[in-house]
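>>> quick one: sequence plus predicted model below, questions after.
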Amino acid sequence: MSRTLLVAGGAGFIGANFVHYWLENHPEDRVLALDALTYAGNPANLLPVWNDPRFRFYPGRIEDPTVVNGIFRVEKITHLLNFAAESHNDRSLLDPVSLINTNVTGVAVLLEAARQHGVERFLHVSTDEVYGEIGAGAFRESDPLEPRTPYSAGKAGGEMMARAHRIAYQTPVVITRGSNTFGPYQYPEKLLPFFITRALQNRKLPLYGSGQQVRDWIFVRDHCTGIATALERGATGEAYNVGGGNERTNLEVTRRLLAILQKPETLIQPIGDPRGEAHDRRYALDSAKLHALGWKPAHDFDAALERTVRWYVEHESWWRPIVESEGYRAFVARYYGPYLGEEL
Ligand code: NAD
Ligand code: DAU
């Protein structure tokens, strides 16, 4: 039976990679992408599939019921996946209010459309950050949600809407909580693409605090296969951790990417910590529940990092217009200006 997937946030980093992955691996299915093309959304991320007859792009906001219901009226959607989010912690600290439209209200609107029109599955892409930080050990799905930034609080709010919908209306919801993801098409505001593109321009790399914060890194293709596994084999009403199992400090990751690029470590500029108390020290996930469904990450961290760095080296035409855009430069000046001054 062929399926029709509606991928909300499909022009963003993970959403676009998921669209590519799904069309490559499911020749019989159709994939529709709904995206507002915010600063982080980019039609260029979908170029490889743009002319594929199985693909269609719908512009619009997920919190707009007219847009969402309009798509449901003309398409027979079997699976709804929500990747759309305001996804950056630093931006959420500058503006902790507007993200609620997408990260909470938008989820509720999608859930309502799924309820009214009926879907086989509603997969909500969440994040390990909903758990907050952890000193030792690893989070399991049954742990409480204790988010510590406006972004992750919004993501926890979206999850709560999905959970309530499942209980109140039996909406067939499954949630994934992925760890720090890297790979091609990631907007150059997150640590890896920000530092790679800056190093390529011989600009300073603003490392927060001690650089000793730990993240569990996962290559984007592995995150996509984790989401696909939860979509196809996950139990309704359940959440699944999708962790890469690659814990590294920010300093280690930074040194590694400089070594790959053959750039000097003097580019590293330790700064104070713009996130302050809200800077989570460590994330770690126990992904045994998803492993039990047959999923495991297939990519070695060092090889995937090299591949990612190479992608940015070879795709300057993708990132150059972004880093030279007015909006991007304004964000960097506003957020990093006080720390980098002339070095900006
Ligand atoms: P991203 O910022 O690259 O992409 C988000 C996409 O959503 C963009 O294309 C944007 O235009 C779109 N969008 C934003 N608001 C919208 C709205 N109101 N209506 C329609 N589209 C809208 O984010 P990403 O890194 O690809 O993350 C995708 C999802 O995965 C998010 O939900 C995020 O919370 C989650 N996640 C990300 C990571 C990570 O490390 N990047 C890890 C775990 C979970
Ligand atoms: O854990 C999953 C989350 O990972 C996702 O939910 C988020 O969408 C995604 O943005 C990411 O959040 P982080 O805040 O962990 O990612 P970011 O790349 O912004 O930062 C990673 C670490 O690097 C963090 O400890 C802060 C640090 N950092 C980041 C930037 C941008 C720096 O030291 N300097 C920087 O300039």
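All right, it came through fine. Ligands and ions are numbered 1, 2, ... in the order given.
>>> beta-bridge partners for the closest residue in space to residue 239 that isn't next to it in sequence, please?
Residue nearest to residue 239 in three dimensions, not counting chain neighbours: residue 175, with 4.1 Å by Cβ to Cβ, 6 or more residues apart in numbering. C-beta: built from backbone N, CA, C; applies to glycine. Here residue 175 sits in beta bridges with residue 124, residue 239, going by DSSP bridges.
>>> count of residues packed around residue 175?
Burial of residue 175 is recorded as 24 neighbouring residues (other Cβ atoms under 10 Å).
>>> for it, report the pLDDT, please.
We note a pLDDT of 98 for residue 175 in this prediction.
>>> is it true that residue 69 touches residue 113?
Yes - under the contact definition of Cβ atoms under 8 Å, residue 69 touches residue 113, with a separation of 5.6 Å.
>>> which of these two has more neighbours?
It is residue 113, of residue 69 and residue 113, that has more neighbours when counted by other Cβ under 10 Å, with 24 against 14.
>>> thinking again about what came up before, pretty sure the residue nearest to residue 239 contacts residue 122?
No - because the distance of 9.4 Å does not satisfy Cβ under 8 Å, residue 175 is recorded as not touching residue 122.
>>> common neighbours of the two, please.
Each of residue 162 lies in contact with both residue 175 and residue 122 under the rule Cβ atoms under 8 Å, 6 or more residues apart in numbering.
>>> how far away is residue 306 from residue 29?
In this structure, residue 306 and residue 29 are separated by 32 Å, where distance is defined by Cβ to Cβ, to the nearest Å.
>>> my read: residue 254 touches residue 194, true?
No - contact criterion Cβ under 8 Å: residue 254 and residue 194 do not qualify, at 10.6 Å.
>>> quick one: the helices in the stretch 101-250 of the chain?
Secondary structure of the stretch 101-250 of the chain (DSSP state H, counting those that start in this stretch): helices located at 107-117, 150-169, 191-200, 220-233, 250-261.
>>> among those, which comes closest to residue 81?
helix 220-233 (6.9 Å; Cβ to Cβ).
>>> and the closest one, what does it pack onto?
Helix 220-233 sits against helix 13-25, strand 79-82, strand 121-127, strand 173-178, strand 180-182, strand 239-242, helix 288-291, with contacts defined as 3 or more Cβ pairs under 8 Å, 6 or more residues apart in numbering; DSSP states H and E.
>>> for the nearest residue in space to residue 222 that is not next to it in sequence, the count of nearby residues, please.
Nearest-residue entry for residue 222: residue 297, 3.9 Å, with adjacent residues in sequence omitted and distances by Cβ to Cβ, 6+ apart. For residue 297, the tally of surrounding residues (other Cβ under 10 Å) stands at 23.
>>> what about residue 297, distance to residue 287?
Residue 297 sits 9 Å away from residue 287 when distances are taken as Cβ to Cβ.
>>> so for the two, which residues contact both of them?
226, 245.
>>> and residue 344, what pLDDT?
According to the predicted model, the pLDDT of residue 344 comes to 73.
>>> ok so, going back, which of the helices of the stretch 101-250 of the chain sits closest to ligand 2?
Each of the helices of the stretch 101-250 of the chain was scored for nearness to ligand 2 using Cβ to the nearest ligand atom, and the closest is helix 191-200 (3.4 Å).
>>> run through who's touching that closest one.
With contact meaning Cβ under 8 Å, 6+ apart, helix 191-200 is reached by 180, 182, 186-188, 204-205, 215, 250, 253-254, 257-258, 261, 263, 267, 305, 308-309, 312-313, 316, 319, 323.
>>> about what we covered before: in a markdown table: the helices of the stretch 101-250 of the chain, plus distance to ligand 1.
Putting the helices of the stretch 101-250 of the chain into a markdown table (distance: least, Cβ to the nearest ligand atom, whole Å) gives the following:
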| stretch | distance to ligand 1 |
| --- | --- |
| helix 107-117 | 9 |
| helix 150-169 | 5 |
| helix 191-200 | 9 |
| helix 220-233 | 7 |
| helix 250-261 | 13 |
